[in-house]
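**Q** Pasted the sequence and its predicted model underneath.
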Amino acid sequence: MIFSKKIMDASFYLIQFLNGIQYGFLLFLVAAGLTLVFGIMGIINLAHGSFYMIGAYLAFWLTNLTGNFLIGVALAIPVTIGIGYLVERTTFSRLYSRGHLHQVLLTYALILIFDELQLILWGNDFHGIDVPEFLSGAIQLTDILSYPTYRLFISAICIVLAFMMYWVIQKTKLGMMIRAGASNREMVQILGIDVQRLFAIIFSLGVALAALAGMLAAPVTSVYPGMGENILIISFVVAVIGGIGSIKGAFVGALLVGLVDIYGKTLFPELASILVYALMVVVLLWRPQGLFGTAA
Amino acid sequence: MALRPESSVFPFQTDTMISEKKSIYFFIIFLLLALFPWIIEESFYLEQLTRILILGVFAMSLDLLVGYTGIVSLGHAAFYGVGAYTLACVFQSADVINFWYALPLSLAASALSATIIGWLSIRTSGVYLLMITLAFGQMCYFFYLESPYCNGSDGILLLNKPEILWGAYNLLDLENETHFYFFVLGWFVAVFLLLKRILQAPFGQIIQGICANESRVRGLGYSTPTYKLVSFVIAGTLAGLAGFLEAAHTGFVTPAYSHWHQSGMLLVILILGGIRTLHGPVLGAAAIVLLEDLLPNITDHWKLLMGLLIIVIVLFLPNGTVSFFTRIPTQSAIQYKNKKHE
């Protein structure tokens, strides 16, 4: 009896581990955009969670329209890039020389606007999204335990995207400009790089990543008003733990937060929501600039 | 190369000195506020004004931190919640709430939490400080949401108002709206004068110096972290006072008191009214209370209008609506000036 209970526990922890990793990967997509936008453009974007929500709602809407989740996501991605470009051109581009206070206020106003638009367009209900059949099954782990295929699919997509981001940032000319911009913005401007265009590209990509995270999460969490809010604060925690501006930091931070959150929820349910913030406080007290951040 | 260090470290010296003319204006305004229950006898407006004054105390406390000390906090609502929940948790089943115990308890709890959170937060700066205060604010929010003593998202209903007894004599009957208004007005005036005095005192001059250029103030031999912490604790305690007043006013405390939206809205109030003045936050509070009252009459989607309004203000009136009338140096202008000197 005791022996079988131990096996139960082990596979239970394994499943929690997979859940934590998968949650962490999603957080990474959101936090990567956040940390890039701050690291390179110097902007605190509180409205980043709204893009996550917009992604989820677009996926819901387009899936219903086309009847296929994957086609819906494929159509939604260009739309979100367009939204990102538009928002950057109309509001963010005027904020670069302003202090943190104005950035906080303007992006807070954007949250109000996006929340209200979502309410006007899609109403106040919870919506579920069906995934295609080949993803809706479960993989048998042991005789009694199985793991949903779709969650593995999310993790796989996120790993591919993480590698692509690594490749773009380390190996391409755009990546070179991004890295240069993160370490010395003025110098990049002096060297004759079109900073305006670079900022617009980075911002749109960041928006698309957050929106894609929302689309991928939509079938698991369902689509509901205010879904961007929770993910925003948590991805800020991720970005700060990892060190703002560092993609590597965002990756490590996201996995750390994902695991702490999932294990926290199962092991200490009363403290679960506080645990993640406590982790951030501990990290900041130990390293005020985050795990991989450079001292300001 | 600072040629005149005194003037660039303390650029606001003239701003905080109240001229006699200004004092007369303030006196007239306070007089009008004191006579308000007799000028307009409708209880609805008295209720609104009470809300404005409480929010005004809350906003002024944040202005001490953001406007004068230069610490942009996104977790100020934490202390508002501490003040309110201390009252609600301790006295939720009590028949009589003794004001002389309740208020000092609330203030002590918010001061203590502000000391702990401030001590941990001011070690960081800039965006990290913003985020760590946000995290602490959310920690408080989730604590109220999930702690078994706080009744979750339903919140706590307070059946009685605090009783202010002097011996056997009831000084103010807080069940009475007009009495409650005077109670709040008294605290409002006290906080206003206290902050005015603090800002004129050497301490106030030093925190304003920290706001303009911290390294230079440190260079003058001041321990800037201590000054920042003291400013943080004063601001947190006053926010706790505002929370106590709001809890006593509405008789209802929910975790939403400490939600980060509350802190965000408070920053909006600051910029709406005018940062780095004491009357600005109060005007901002009045504007928000009135807007929240008027806009829902125009459209159900009033948050959309509010958002657009905030964007217009941030983009075109960066110093707040007060900057229409007065010219206050912006933070970026001061930093630019200082950069040029260095």
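**A** All right, it came through fine.

**Q** Identify the single longest helix in chain B, thanks.
**A** The helix that spans the most residues within chain B, counting by DSSP state H, is helix B:224-250.

**Q** Adjacent strands (with direction) for the next helix or strand after that one?
**A** Next in sequence after helix B:224-250, counting helices and strands by DSSP states H and E, comes strand B:252-253. Sheet pairing of strand B:252-253 (DSSP bridges) gives strand B:156-157 (antiparallel).

**Q** model confidence over the strand it pairs with, on average?
**A** If you average the pLDDT over strand B:156-157, you get 92.

**Q** Quick check: the residue of the stretch 151-296 of chain A nearest chain B.
**A** Closest residue of the stretch 151-296 of chain A to chain B, Cβ to the nearest Cβ: A:Ser273 (3.8 Å). In this view, the C-beta of every residue, glycine as well, is placed from N, C-alpha and C.

**Q** circling back: does the longest helix of chain B come close to chain A?
**A** No - Helix B:224-250 stays clear of chain A (Cβ under 8 Å from any Cβ of the partner chain), getting no nearer than 12.7 Å.

**Q** Report the buried residues of that helix.
**A** For helix B:224-250, a neighbour-count test (16 or more other Cβ atoms under 10 Å in any protein chain shown) marks B:224, B:227-249 as buried.

**Q** Name the nearest residue to A:Leu95, ignoring sequence neighbours.
**A** Sequence neighbours aside, A:Gln103 is the residue nearest to A:Leu95 in space, at 5.4 Å (criterion: Cβ to Cβ, 6 or more residues apart in numbering or on different chains).

**Q** To which secondary structure element is the one residue in the stretch 151-300 of chain B that gets nearest to chain A assigned?
**A** Nearest residue of the stretch 151-300 of chain B to chain A: B:Gly264, at 4.6 Å (Cβ to the nearest Cβ). Secondary-structure element containing B:Gly264, defined by DSSP H and E: helix B:260-273.

**Q** Tell me what angle the following helix or strand past that helix forms with helix B:260-273.
**A** As assigned by DSSP H and E, the chain's next helix or strand after helix B:260-273 is helix B:279-298. Interaxial angle, helix B:279-298 versus helix B:260-273 (axes from the mean of the first three to the mean of the last three Cα atoms, to 10 degrees): 110 degrees.

**Q** chain center to the next helix or strand after helix B:279-298, what's the gap?
**A** Downstream of helix B:279-298, the first helix or strand assigned by DSSP H and E is helix B:302-316. Chain-centre distance of helix B:302-316: 22 Å, with Cα atoms, centre = their mean, to the nearest Å.

**Q** The closest residue to A:Phe51 other than its chain neighbours - how many residues pack around it?
**A** Distance criterion Cβ to Cβ, 6+ apart; nearest residue to A:Phe51, sequence neighbours excluded, is A:Ala210 at 4.2 Å. When neighbours are defined as other Cβ atoms under 10 Å in any protein chain shown, A:Ala210 has 33 of them.

**Q** Quick check, A:Ala210 in contact with A:Met53.
**A** No - using Cβ atoms under 8 Å as the test, A:Ala210 is too far from A:Met53 to be in contact (9.1 Å).

**Q** show me the contacts for residue 111.
**A** Just going to use chain A. Contacts for A:Ile111 (Cβ atoms under 8 Å, 6 or more residues apart in numbering or on different chains) come out as A:Leu46, A:Ala47, A:Gly49, A:Ser50, A:Gly228, A:Glu229, B:Gly307.

**Q** wait, chain B
**A** Listed by Cβ under 8 Å, 6+ apart, the contact set of B:Ala111 reads B:Val233, B:Gly236, B:Thr237, B:Gly240.

**Q** what are the ranges of the strands in the chain?
**A** No chain in the question, so chain A it is. Using DSSP state E, the strands of chain A run over A:138-140, A:146-148.

**Q** was after chain B, sorry
**A** In chain B, the strands defined using DSSP E lie at B:97-98, B:156-157, B:162-166, B:169-172, B:252-253.

**Q** can those strands go into CSV with extra columns for distance to A:Phe28 and mean neighbour count?
**A** Converted to CSV, the strands of chain B look like this (distance: least, Cβ to Cβ, whole Å; neighbours: other Cβ atoms under 10 Å in any protein chain shown):
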stretch, distance to A:Phe28, mean neighbour count
strand B:97-98, 49, 18
strand B:156-157, 39, 18
strand B:162-166, 49, 16
strand B:169-172, 56, 13
strand B:252-253, 37, 22
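
**Q** Lowest average pLDDT across the ones you listed?
**A** strand B:169-172 (a mean of 80).

**Q** For it, which strands pair with it and how are they oriented?
**A** strand B:162-166 (antiparallel).

**Q** got the contact list for the closest residue to A:Val283 other than its chain neighbours?
**A** Excluding the flanking residues, the one nearest A:Val283 by Cβ to Cβ, 6+ apart is A:Ile241, at 4.9 Å. Listed by Cβ under 8 Å, 6+ apart, the contact set of A:Ile241 reads A:Gly249, A:Gly253, A:Leu256, A:Val257, A:Leu279, A:Met280, A:Val283, A:Leu284, A:Gly290, A:Leu291.

**Q** how close does the first one get to A:Ser183?
**A** If you measure A:Gly249 against A:Ser183 using Cβ to Cβ, to the nearest Å, the figure is 14 Å.

**Q** between those two, which one's more packed in?
**A** More neighbours surround A:Gly249 than the other of A:Gly249 and A:Ser183, with 24 against 12 (other Cβ under 10 Å).

**Q** for the residue nearest to the more buried one when sequence neighbours are not counted, what are its contacts?
**A** Leaving out its chain neighbours, the residue that sits closest to A:Gly249 by Cβ to Cβ, 6+ apart is A:Gly242, at 2.6 Å. With contacts defined as Cβ under 8 Å, 6+ apart, the neighbours of A:Gly242 are A:31, A:35, A:248-254, A:290-293.
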